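Peer 1: Here you go, sequence then predicted model.
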Protein chains: 4
Amino acid sequence: MSGAFLFPQTPTGRSSLIPPPPWHYSGEMITVEYRTDPNRVAELLPEGATLTAEDPGAVALIWADWQSTGDDFEEVLDPVRGQYKECFAVIRCEWRGETWSRCPFIWVDKDFALVRGYHQGYPKKLGDIWMTRPITVGRAGPRLEEGGRFGATLSANGRRVAEARLTLTHRVDSPGFVNAHPMLHNRYWPAIESDGSASMDELVTMRGYDGEIADVWAGDAELQLFEMPFEELSLLEPQEMIGGYYHRVGVSWKGGTTLESH
Amino acid sequence: MSGAFLFPQTPTGRSSLIPPPPWHYSGEMITVEYRTDPNRVAELLPEGATLTAEDPGAVALIWADWQSTGDDFEEVLDPVRGQYKECFAVIRCEWRGETWSRCPFIWVDKDFALVRGYHQGYPKKLGDIWMTRPITVGRAGPRLEEGGRFGATLSANGRRVAEARLTLTHRVDSPGFVNAHPMLHNRYWPAIESDGSASMDELVTMRGYDGEIADVWAGDAELQLFEMPFEELSLLEPQEMIGGYYHRVGVSWKGGTTLESH
Amino acid sequence: MSGAFLFPQTPTGRSSLIPPPPWHYSGEMITVEYRTDPNRVAELLPEGATLTAEDPGAVALIWADWQSTGDDFEEVLDPVRGQYKECFAVIRCEWRGETWSRCPFIWVDKDFALVRGYHQGYPKKLGDIWMTRPITVGRAGPRLEEGGRFGATLSANGRRVAEARLTLTHRVDSPGFVNAHPMLHNRYWPAIESDGSASMDELVTMRGYDGEIADVWAGDAELQLFEMPFEELSLLEPQEMIGGYYHRVGVSWKGGTTLESH
Amino acid sequence: MSGAFLFPQTPTGRSSLIPPPPWHYSGEMITVEYRTDPNRVAELLPEGATLTAEDPGAVALIWADWQSTGDDFEEVLDPVRGQYKECFAVIRCEWRGETWSRCPFIWVDKDFALVRGYHQGYPKKLGDIWMTRPITVGRAGPRLEEGGRFGATLSANGRRVAEARLTLTHRVDSPGFVNAHPMLHNRYWPAIESDGSASMDELVTMRGYDGEIADVWAGDAELQLFEMPFEELSLLEPQEMIGGYYHRVGVSWKGGTTLESH
């Protein structure tokens, strides 16, 4: 056995699914913000948390195309182990007098991203995620300029879960307000007895450090969520669009804080 | 929030990555048993466990092609959600006067199988797994008869990790001895503080129930393990072959037992 | 350059995407036969062909899970290169006084199968194909017996294209009548000038040899086809179900016949 | 039947695997140029072509990450149908007194790219291709500046075929000289009789139009090619490195010219 950060445990630690933090991320995001029925948001909050007073039904659905790496930057040179795409929903809540962001649904396309998410409290599944990239030469994509058009899609198990389109209108300073607070996440694993008891049942918070954003554009967004037998993103059905955003982001992560442990 | 078995948590529980046990499995296995340096086995044991007195360097490398389902049998009708392939290594140890099997390395090709494994204590990663199936008509495969030839391969992140070949020789009653004991697994998640402390650090045991096997054949096996920068199956390098097996298996699983919690 | 059967051409021929025929196949099939609007069938026939007098709107939608190999049987031992799944539609027509089967739509999940299909005149695309397998031990699947239930699905580019369910009722001798004739296929590649002229424009026929079937069961089938922006299987919308079948099949293939070359 | 550009043929043409040209491409490339044994190059030339007098053993191995679209730009908004990655080798030759580029080996990761390549004469297979992207924010990748480090990998059927690393040194005007000429390609499909005769056997040439490049950097490159039973890129074994390049590229394509048809 070893001091590896995660399993599989070996004497060298080289097998660990993920290296020890800090982890570094650089990527691009397409964000769609909209309002859903606040009751749907309330049902996805942790015990004791309540809806925000202002804009309680606000949701952000975010697509991201990432490069990521541990602190030895090895994944940068073997990109199959560092690049991944994800799509995730963010809602907000009040808890102990503060406002938090929370991720109730999220899909990624690599195992290391899935498990890194479990460490951080994200309820990740595997999915197929695609998003248009801006270009600077040629004609096969949008420029970062007024009228630039982007598409973003999410599928799971061969079914389309979500589709968005974004048409850029103007530069802005910030890519939305829903994913802007410290995260309030549950970390939960049932006991192997599988009798309803838990081996780990925590409320945690986390956020990145050294965050940077660039090339932030706002635009007009369209969004479709599809009903499926085993995915429930469509619980957060759009009732009114707020807006859409493209931006680039860099951020690092080295740990979070356990708020409650049951 | 909800009484879902696992995340994502929703009021209906339908989003849960895995349904509550019992889980049912039916599949085919190709097993290669061999001896490695017992020191390599010892390094992969949990604290307090020791090598078995008899055949301490014995290893089983097992490929499996599964159908699996929860107790409502829904996955049987949507097979993308129930079929998966896996490849895993099994070693043995002594602990508290008993003999146990233990899985130090395992790869699967679906998210539900990955996470079901985390619940059971298997250190799963994603991989690409392929194994020959026996046939009864045509010429594109082996029959279950003397001379039938099978291949099995494992890749991870686009690199070949392991390759086996099996030529059937005769029917037998049992597909090897290494994977025959209750499992002794660690269940481990670091605290989100990422400071070396653990949120869950358990030693558990589990085994299936209602196990059935059929069509068990023994044969001559060849095995190659490849060195890779971030996979260490090759630590368990073959020094001497014991044998190879094909068999079909059905089993159910409803829970395990926590032996120690630190 | 070389005498390789197909590109890439090298002195050894080892790089060829597919080996020279004969090719051997062993697999399992789930077949759903139904009636659609005969006008939809007529629109998918080659020039000069007409609807069959009897049951002109009959369609078979067939899922298959294959092992395949060239004549040196190398793929049997490296199954990533021989196993594939497919889903294809079959219609019938009259041409020059005979009855033919014809495949207007087909999806597979490997490159060698795609290109082998182009050689034979199948208009293949990549897709994700899943189908339930019958079992003999355990509970995670159907037995080949009355009441055994199977599911089969097809997705392309992350969208569900088709879903079928089959409940076995009784043994039969033959798995349907639509896919029972010699195939009448077009082989077509435009000229690189891309001006509407063709470099290859053939009407061909082919069928396998040494065909064997086993374990043929009939049953009750349900089928759903979904509308998509860039797939048109739903043109062949079901109006009336004929029946469903499970069977095993073995067959070899060594060539076809060019009927017309324009 | 229809006037679709390619199969599957339907009245609407919507099912066609690829839309009619023009096709537009925007992407990023990592190029490694090196010298191999000129005899290995000679063996991969079309009949009648000879080695170039100058630098006859020069090879470019190129990774590309593309967005592509037909002339209605629909794929830009459904990026699963337009984005793909590829890795291809380029060599040069003399034929009829002119110098040509030629692609003997190429891998892509989508079906539309595979088949578009067949139309253009590229001998495409499916592969897994990964390449580092330059970043402008955060730490998870290289900047386009001196010392920026990139990795690029190619796998096929779960085996690593090639790996490259590039460290940027300085801006340049042009990303190498090997892939700079009109392409000289064979387009070849055997007759369905599979008797050694061909249905299409052409020598063609093509090149893009409206080509633009940007952000061209030169650097130091390392390259490893791995021996495999069914891939032969390693025939073009590196003997001496020439250099490496990163650049962005935009280009359109609307057709080529048939030089010979046998």
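Peer 2: Yep, it's here. Numbering: from 1, shown residues only, chains lettered A, B, ... in the order given.

Peer 1: leaving aside the residues next to it on the chain, what's closest to A:P19?
Peer 2: Spatially, and ignoring its direct neighbours in sequence, A:P19 is nearest to A:G70 (3.3 Å; C-beta to C-beta, 6 or more residues apart in numbering or on different chains). (Each C-beta comes from the backbone N, C-alpha and C, glycine too.)

Peer 1: And the strands in chain A?
Peer 2: Remark: strands assigned in chain A by DSSP state E are A:23-35, A:58-69, A:83-95, A:98-108, A:124-126, A:128-131, A:149-156, A:159-171, A:183-190, A:198-206, A:209-225, A:240-253, A:256-261.

Peer 1: TSV please, covering those and showing distance to chain D, mean pLDDT and mean neighbour count.
Peer 2: Below are the strands of chain A laid out as TSV (distance: least, C-beta to the nearest C-beta, whole Å; pLDDT from 0 to 100; neighbours: other C-beta atoms under 10 Å in any protein chain shown):
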stretch	distance to chain D	mean pLDDT	mean neighbour count
strand A:23-35	3	98	24
strand A:58-69	4	98	24
strand A:83-95	7	98	23
strand A:98-108	14	98	22
strand A:124-126	15	98	23
strand A:128-131	4	98	24
strand A:149-156	4	98	25
strand A:159-171	6	98	20
strand A:183-190	19	98	22
strand A:198-206	17	98	19
strand A:209-225	4	98	17
strand A:240-253	2	98	20
strand A:256-261	19	98	15
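
Peer 1: I'd like these laid out as JSON lines, including distance to chain B.
Peer 2: Formatted as JSON lines, those follow (distance: least, C-beta to the nearest C-beta, whole Å):
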{"stretch": "strand A:23-35", "distance to chain B": "10"}
{"stretch": "strand A:58-69", "distance to chain B": "13"}
{"stretch": "strand A:83-95", "distance to chain B": "10"}
{"stretch": "strand A:98-108", "distance to chain B": "5"}
{"stretch": "strand A:124-126", "distance to chain B": "4"}
{"stretch": "strand A:128-131", "distance to chain B": "12"}
{"stretch": "strand A:149-156", "distance to chain B": "9"}
{"stretch": "strand A:159-171", "distance to chain B": "9"}
{"stretch": "strand A:183-190", "distance to chain B": "6"}
{"stretch": "strand A:198-206", "distance to chain B": "4"}
{"stretch": "strand A:209-225", "distance to chain B": "13"}
{"stretch": "strand A:240-253", "distance to chain B": "9"}
{"stretch": "strand A:256-261", "distance to chain B": "4"}
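
Peer 1: And the contacts of the top helix by length along chain A?
Peer 2: Scanning chain A for the helix with the most residues, using DSSP state H, yields helix A:111-120. By C-beta atoms under 8 Å, 6 or more residues apart in numbering or on different chains, the surrounding residues in contact with helix A:111-120 are A:6, A:17-18, A:23, A:66, A:68, A:81, A:84, A:86, A:106, A:108, A:123-126, A:183, A:185, A:187, A:204, A:206, A:253, A:256, B:111, B:114, B:118, B:125-126, B:189-190, B:192, B:194.

Peer 1: Enumerate the residues of the stretch 101-250 of chain A near chain C.
Peer 2: Residues of the stretch 101-250 of chain A that fall close to chain C, judged by C-beta under 8 Å from any C-beta of the partner chain: A:D128, A:W130, A:T153, A:S155, A:G158, A:R159, A:R160.

Peer 1: how does it look with 7 Å?
Peer 2: A:D128, A:T153, A:S155, A:G158, A:R159, A:R160 (C-beta under 7 Å from any C-beta of the partner chain).

Peer 1: Which single residue in the stretch 1-150 of chain A comes nearest to chain D?
Peer 2: At 1.8 Å from chain D, A:G138 is the closest residue in the stretch 1-150 of chain A, using C-beta to the nearest C-beta.

Peer 1: Tell me who's in contact with that residue.
Peer 2: A:G138 makes contacts with D:H24, D:Y25, D:S26, D:E212, D:V249, D:G250, D:V251, as judged by C-beta atoms under 7 Å, 6 or more residues apart in numbering or on different chains.
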